[in-house]
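>>> what would the 3D arrangement of this be:
(chains A and B)
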Amino acid sequence: MPDSGVSLGIEAIEGATTASLLDLNEREEGYLKLQPGRVTELVGVPGSGLTRLGLSLLAPHSRLAPVVALDVRGWISPEAAWEVGVIAESLIVVRCDELHIWPKVAAALLEGVRALYAEVPVGARDQDLRRLAALARARKAAVAMRPLGQGLPTGVAHLRLRGLGATWEGADQGHGRLKRRRLMLEASGKGSAGVTRRFEVDDEGTDVMRVVSDVVVDQAGRVVG
Amino acid sequence: MWSLTRPDASSDDPVLIGDDRVTGASEDVLAAGVSLGMARREAEALAPFATVLVRDVGDEARRFEPVVEVIEDLVPRVEVVAPGLVFVLIAGAVNYYGGEEALAGRVARELDGVFGHLRGGDALLGIADGPFAARWAAAAAIVGEPQVITDTIGFLSRLDLVTLRESIGGEELIDTFRWLGVSTLGDIVRLPREALATRFGNQGVTAHRLASGEDQFVNPRDVPADLAVDASFEDPLESLDAVAFAGRALAERVLDGLRRAGVAPHRVTIMAEAAHGPPRERVWRSADPFTERSLSDRVWWQLRAWVEAGGVPGGIVRLRIEPADLSGEGRQLGLLQDESSRIETERALVRAQALLGPERVLRGKPQGGRMPQERVAWSRWGEPEIPEERDPEAPWPGATPSPSPALVPPRLQPLEVEWDGGMPTRIRLGTRWEPVLTWSGPWRLSGRWWAGERDADRYQLVTSVGAFLCVVAEGRAFLAGVYD
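Model prediction:
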């Protein structure tokens, strides 16, 4: 698999948040696009870069219609979303930290919002999450869910992106500054054809995020690249 | 208003018409508790004896067309909202016919003459200042007795909140009003509009405007002549398929042109020129700006009505669509933006506002500042934006560099950091200590000393579980952001 970390800065019209459309294969690009009617689960420890990744998934949709970030912690920063290409006028942040009302709010948003990034509070019930996934399918809403507790129950997410870790460049024992992050992800679920794949995403701060390489494929016997 | 009947249903049979919602029903079905607008499944449960017919709006438009033509012969400007409902601007016609009641009586007599007393008597006529009031005046009219409203505000003030259901797109706000003891439109008018805007957003403002009789377009804009589109056909279009295709293409073209101008129409005039006959023309209007789908539907219904009724002898040789009543709501739209998505999103956000309160549905705007907490100017969605306090375009030396932390607490959070010779070595996250792998900083943040603010230092700390923006002031460390 060739390493294709070339930033083409492509302003994708429909779909692509994340750069290189020439060198990367369609599979990797597809992992970083929110599909209408599908739920993408972003799971990993806080600090692994998944909030920024989730916000970047809203970017292409924000050029067409308003998009919403459902913020449970009340900490989501629009500035990070703007940096990864989300149109400032199109981003609405809805703050909801009450567990009992969260499913209703998420459902109300799914009724009309084209693309949603939703933090899932600790303790959200499986049946509520399944209902929300069904509603997303019915309404053709593109959804990224970021569970703050355990992962989503089986059958909810079409694609699961697990943050395995991140490496930072730029800071060095008091010198420099944080410039670039490489986020290692693992894709699994129906959206990756049942195969678990690992790849890296490059985040240079002011540019859109892009896939840089396919680093490992778990399943023996599968063709790589 | 005109009650359309179904030719495929016997007048004796109990009938229920609709798709997802009930749009028509016979009297015995209504007597069983079914109401218009009710979910069809619920209606089927209440009236299991009824025959269910699927709604065909195109066919309804075709059967409604002769009614429109009768009215149009008397008053030139007729605007169709949906099959069964038209608005007529009567300012000039009132003088011509000698008064509002005389005009209404004339319309009723003409309909009687064309459709016979039984059918003509189905027309419900309402006259008022503005379409919303006129629509409910017609609903309150008795067959054969037009309802002429001289005091529109007074009439509106007595209407029940349910009359707002179609215009504000939902029951939730109505339920909330009732819970608050507001039961009529007059009660709404007595509330300050600013308070409704604050509490209920766009929906609240719309409700107040309608209740106040302000349902005219507030910012009508002239349409440049070249935004109307037309198409000529060498071979006249006679088949419905060909007409449908041409109509859809023309509807897409007109909205494409309007999108470039950043506007959307609330009213369109559809014109068709027949090979052997006079040109036909009809105005359609909508409370929401027309989308591609809604406009294509109306063009199709209208053309189908003309073709099937033989109104375009020899086929159609020219089609034209002229937009009017442009909405300023579309001014911000880009070329690829979708008006229907915007409207649906707004409705969803209004529902979220109703659940959470307006202070938790927010939009951010860039503004200047050195800390992430300062660089976003928040305002409530649906309300006028608060002007930024600090110019985002101005230089901000010492600003925290990008990438920005994706998670920013509204206020600095205490953070335990262990130092060794001025260098951070560990930070406490929850119950465990994480070693600092590397860091950058300190960057001095000079406060407004004249206002008593102390200087602070900023650090970017990288651990095995993520990177953090940390502020150290007066010997204490605070979390200012998480690079999540």
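>>> in chain A, where is pLDDT below threshold?
Applying pLDDT under 70 to chain A flags the ranges A:1-30, A:206-225.
>>> just want the residue of the stretch 201-350 of chain B that's nearest chain A.
residue B:348 (3.0 Å; CB to the nearest CB). Where you see a C-beta, it was placed from the backbone N, CA and C, and this is true even at glycine.
>>> mind checking how far that residue is from residue A:146?
20 Å (CB to CB, to the nearest Å).
>>> if we can go back for a sec, next, count neighbours for the residue of the stretch 201-350 of chain B closest to chain A.
26 (other CB atoms under 10 Å in any protein chain shown).
>>> which residue is the nearest non-sequential neighbour of the closest residue to chain B within chain A?
Nearest residue of chain A to chain B (CB to the nearest CB) works out as residue A:47 at 1.7 Å. For residue A:47, ignoring the flanking residues on the chain, the nearest one in space by CB to CB, 6 or more residues apart in numbering or on different chains is residue B:466 at 1.7 Å.
>>> and the residue nearest the centre of chain A, helix, strand or coil?
The centroid of chain A falls nearest to residue A:54 when counting by CA atoms, centre = their mean (3.2 Å). Following DSSP: H, G, I helix; E, B strand; the rest coil, residue A:54 is assigned to helix.
>>> surely it touches residue A:43?
No. Contact criterion CB atoms under 8 Å: residue A:54 and residue A:43 do not qualify, at 10.9 Å.
>>> so what sits against both of these two?
The contact sets of residue A:54 and residue A:43 overlap at residue A:146 (CB atoms under 8 Å, 6 or more residues apart in numbering or on different chains).
>>> which residues touch residue A:50?
A:42-44, A:146, A:161, A:163, B:484.
>>> and the longest helix seen in chain A, what does it pack onto?
Using DSSP state H to assign secondary structure, the helix with the most residues in chain A is helix A:126-139. Judged by 3 or more CB pairs under 8 Å, 6 or more residues apart in numbering or on different chains; DSSP states H and E, helix A:126-139 is in contact with strand A:39-43, helix A:102-110, strand A:142-147.
>>> switch to 10 Å and redo it
strand A:39-43, helix A:102-110, strand A:115-120, strand A:142-147 (3 or more CB pairs under 10 Å, 6 or more residues apart in numbering or on different chains; DSSP states H and E).
>>> count of neighbours near the residue in the stretch 101-250 of chain B that chain A sits nearest to?
Nearest residue of the stretch 101-250 of chain B to chain A: residue B:172, at 8.8 Å (CB to the nearest CB). The number of residues packed around residue B:172, counting by other CB under 10 Å, is 17.
>>> surely it touches residue A:111?
No. If you go by CB atoms under 10 Å, residue B:172 and residue A:111 don't touch, sitting 11.4 Å apart.
>>> overlap of the contact sets of those two?
Among the neighbours of residue B:172, those also in contact with residue A:111 (CB atoms under 10 Å, 6 or more residues apart in numbering or on different chains) are residue B:351.
>>> which stretches of chain A form strands?
A:39-43, A:67-71, A:91-95, A:115-120, A:142-147, A:159-172, A:175-188, A:197-203, A:210-217 (DSSP state E).
>>> now the ones you listed as a markdown table including distance to chain B?
Output for those, formatted as a markdown table (distance: least, CB to the nearest CB, whole Å):
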| stretch | distance to chain B |
| --- | --- |
| strand A:39-43 | 10 |
| strand A:67-71 | 7 |
| strand A:91-95 | 4 |
| strand A:115-120 | 9 |
| strand A:142-147 | 9 |
| strand A:159-172 | 4 |
| strand A:175-188 | 5 |
| strand A:197-203 | 7 |
| strand A:210-217 | 14 |
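>>> of all these, which one is nearest residue B:179?
Set against residue B:179 and scored by CB to CB, the strands of chain A come closest in strand A:91-95, at 22.5 Å.
>>> just the CA coordinates of that closest one, formatted as PDB?
The C-alpha coordinates for strand A:91-95 follow below in PDB (Å, rounded to 0.1, in the frame of the first residue of the first chain):
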ATOM      1  CA  LEU A  91     -22.800  25.100  12.600                       C
ATOM      2  CA  ILE A  92     -25.300  25.000  15.400                       C
ATOM      3  CA  VAL A  93     -24.300  23.700  18.800                       C
ATOM      4  CA  VAL A  94     -27.000  22.100  20.900                       C
ATOM      5  CA  ARG A  95     -26.100  21.500  24.600                       C
END
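>>> so who does residue 78 touch?
The chain I'm using is chain A. Contacts of residue A:78 by CB under 10 Å, 6+ apart are A:55, A:69, A:86, A:88, A:91-93, B:362-366, B:375-378, B:404, B:406, B:408.
>>> wait, chain B was what I had in mind.
Contacts of residue B:78 by CB under 10 Å, 6+ apart are B:67-72, B:86-89, B:281-283.
>>> among those, who's most crowded?
Busiest of those [other CB under 10 Å] is residue B:282, holding 25 neighbours.
>>> may I ask which helix or strand encompasses it?
strand B:280-285 (DSSP states H and E).
>>> following element in sequence after that strand, please.
Trace forward from strand B:280-285 with DSSP H and E and the next one is helix B:292-308.
>>> now do the helices in chain B.
Under DSSP H, chain B gives helices at B:27-31, B:40-46, B:57-74, B:91-97, B:100-120, B:131-140, B:152-157, B:165-168, B:172-179, B:185-189, B:193-211, B:240-260, B:292-308, B:339-356.
>>> you'd agree residue B:415 is up against residue B:481?
No. In this structure, residue B:415 is not within contact of residue B:481 by CB under 10 Å, at 11.0 Å.
>>> tally of neighbours for residue 189?
I went with chain A, as the question did not name one. Other residues close to residue A:189 by other CB under 10 Å number 21.
>>> wait, chain B
18.
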